[in-house]
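Asks: Would you be able to build a 3D model of this:
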Amino acid sequence: MTAVPTIRAFFDEPTNTVSYLVSDPETKVAAVIDPVLDYDPDAGSVDVRSVQAILAAARDDGLTIAWSLETHAHADHLSGSPFIKAHTGARIGIGEHIRDVQRIFRPVFNATDLRTDGSDFDHLFRDGEHFRIGSLDVRVMHTPGHTPADVTYLVGDAAFVGDTLFMPDYGTARADFPGGDARTLYRSIRKLLTLPPETRLFLCHDYKAPGRTQFAWETTVGAQRERNVHVHDGVGEDAFVAMREARDATLSAPRLLLPSIQVNIRGGRFPEAEANGVHYLTIPVTFRPGADLGQPAARDTARAAGL
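Replies: Residues are numbered from 1 along each chain as shown. This next block holds a predicted model:
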């Protein structure tokens, strides 16, 4: 009989992000999925209250955290995985295609300290790879489209799908970030929706669709196939791609996009401190036509980076 994980959710309303504490009730071994670091972009300050709440819950339940797992390099919050690792010895894991994301963004931020071999993480998961959380078997599914590196973690009857899907009344992830692709996203979603209909899907975000009063982050394969407003059964690939690309063209960039990507492609590590002891994040600047301020080299560099 397949073991059933114990799952506790932690919702961070400022970023609309859900982190999970997933544990084996038999061995009391646990993993944290998509932990949030509290970052205030206006003050340029970092806090750890969200990850501390997860660690406190683990202590209260007598759990040993063995893994801090990322579903992808997030563009809307900074990863709290290094804090989890520092306080528990947990290994930080992510899909192996993080190397592709690192190669895409290294020149964007001129991140000369960044290695593009994934070595900022402790383990890079292959598609179909199995590992354990205590006695719980975990299978990794590569589910790209939102980014090249997205993975889903399957634990018993539960699947942690990251940003690939939202609640049925809200739809699906955007696919317009560098390396994203709406057609690839559709195929990843259809792969997820071939899982048994009773499979529980745990989402990384919720934004409350119009008319809904409560946040929600758990649904099922069956509910998605029946009711997802973007990709329910009967929606074909071409129709989905047309919808997704048109919708993405109207979306603004996430508020924490620039700091999040810089930190998360480093496994949650900030760039090294400068000589004055301060850590700095880079803000690439795009000069629009006629507004280059006499700095064509800067304009051309930004354009070459795809910004």
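
Asks: got a list of contacts for the helix or strand containing Arg59?
Replies: Element membership for Arg59, per DSSP states H and E: helix 49-60. Helix 49-60 is contacted by residues 8, 10, 12, 19, 21, 23, 30, 32, 35-38, 64-65, 80, 83-84, 87-88 when judged by Cβ atoms under 8 Å, 6 or more residues apart in numbering. In short, each C-beta sits where N, CA and C put it, glycine included.

Asks: one more time with 6 Å, if that's ok
Replies: 10, 12, 21, 30, 32, 35-36, 38, 65, 80, 83-84, 87 (Cβ atoms under 6 Å, 6 or more residues apart in numbering).

Asks: Okay, angle between the next helix or strand after it and helix 49-60 too, please.
Replies: Where DSSP H and E defines the elements, the next helix or strand beyond helix 49-60 is strand 64-69. Orientation check (axes from the mean of the first three to the mean of the last three Cα atoms, to 10 degrees): strand 64-69 against helix 49-60 gives 150 degrees.

Asks: Next SSE downstream of strand 64-69?
Replies: In N-to-C order, the element after strand 64-69 by DSSP H and E is strand 78-79.

Asks: Sheet-wise, list the partners of that following strand with their directions.
Replies: Using DSSP bridges, the strands paired with strand 78-79 are strand 36-40 (antiparallel).

Asks: mind listing what's buried in the next helix or strand after the partner strand?
Replies: Going down the chain from strand 36-40, the next helix or strand is strand 45-47, by DSSP H and E. Residues of strand 45-47 classed as buried under the neighbour-count rule (16 or more other Cβ atoms under 10 Å) are Val46.

Asks: ok, residues contacting strand 45-47?
Replies: Here strand 45-47 makes contact (Cβ under 6 Å, 6+ apart) with 38-39.

Asks: where does it sit relative to the chain's centre, distance-wise?
Replies: 20 Å (Cα atoms, centre = their mean, to the nearest Å).

Asks: Just checking: what are the partner strands of it?
Replies: As assigned by DSSP bridges, strand 45-47 forms pairs with strand 36-40 (antiparallel).

Asks: Return the distance of the partner strand from the chain's centre.
Replies: Distance, centroid of strand 36-40 to centroid of chain: 14 Å (Cα atoms, centre = their mean).

Asks: swap in stretch 231-250?
Replies: With Cα atoms, centre = their mean, you get 21 Å for stretch 231-250.

Asks: In a markdown table: the contacts of helix 49-60, plus pLDDT, neighbour count and distance to Thr213.
Replies: Below are those laid out as a markdown table (pLDDT from 0 to 100; neighbours: other Cβ atoms under 10 Å; distance: Cβ to Cβ, whole Å):
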| residue | pLDDT | neighbour count | distance to Thr213 |
| --- | --- | --- | --- |
| Phe10 | 98 | 18 | 20 |
| Asp12 | 97 | 20 | 19 |
| Leu21 | 98 | 23 | 26 |
| Ala30 | 98 | 28 | 31 |
| Val32 | 98 | 31 | 29 |
| Pro35 | 98 | 31 | 27 |
| Val36 | 98 | 26 | 23 |
| Asp38 | 97 | 18 | 25 |
| Ile65 | 98 | 24 | 33 |
| Gly80 | 98 | 27 | 28 |
| Phe83 | 98 | 20 | 33 |
| Ile84 | 98 | 28 | 32 |
| His87 | 98 | 14 | 36 |
